[in-house]
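A.B. asks: Here's my sequence, what's the structure:
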Amino acid sequence: MSYGNELIQVAAVALAAWQDKYSGSTKLDTTGTNILAELIHRVVIERELQEEKWGTRRGVLPAQWLAILVEEVGEVARAILEKDFT
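C.D. replies: Presented below is the predicted three-dimensional model:
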């Protein structure tokens, strides 16, 4: 098990959740938009916004990345729970 491979698996699960919520496919939606390309575009934009806010974050320790990742997962959980139970 490698740290890099596990990160790819996390990204793949995030993609699957996004697909399930928005389209169900990595191909084309009903308007002809390439869903996977749209997702990657949105991720790149989010990364650019993060770098504007926080800088490039080079040299961050794996434990620090884990804390950031868990915080983001917590935000997803809160959004799901608020939608489903409020």
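A.B. asks: how far away is L66 from R78?
C.D. replies: Distance, L66 to R78, using Cβ to Cβ, to the nearest Å: 19 Å. C-beta: built from backbone N, CA, C; applies to glycine.
A.B. asks: middle-most residue in the protein, spatially?
C.D. replies: A14 (5.2 Å; Cα atoms, centre = their mean).
A.B. asks: Where does that residue fall, secondary structure wise?
C.D. replies: Per DSSP states H and E: A14 is located in helix 3-22.
A.B. asks: May I see the buried residues of the helix or strand just after that helix?
C.D. replies: Note on helix 3-22: by DSSP H and E, the next helix or strand toward the C-terminus is helix 35-54. The neighbour-count check on helix 35-54 (16 or more other Cβ atoms under 10 Å) flags 35, 39 as buried.
A.B. asks: and the helix or strand just after helix 35-54, what does it pack onto?
C.D. replies: As assigned by DSSP H and E, the chain's next helix or strand after helix 35-54 is helix 62-85. Under the contact criterion of 3 or more Cβ pairs under 8 Å, 6 or more residues apart in numbering; DSSP states H and E, helix 62-85 touches helix 3-22.
A.B. asks: Next, the angle from the helix it packs on to helix 62-85.
C.D. replies: Orientation check (axes from the mean of the first three to the mean of the last three Cα atoms, to 10 degrees): helix 3-22 against helix 62-85 gives 20 degrees.
A.B. asks: OK, contacts around L69?
C.D. replies: Contacts were defined as Cβ atoms under 8 Å, 6 or more residues apart in numbering; by that measure L69 touches V10.
A.B. asks: G59 too?
C.D. replies: Listed by Cβ under 8 Å, 6+ apart, G59 has no contact partners.
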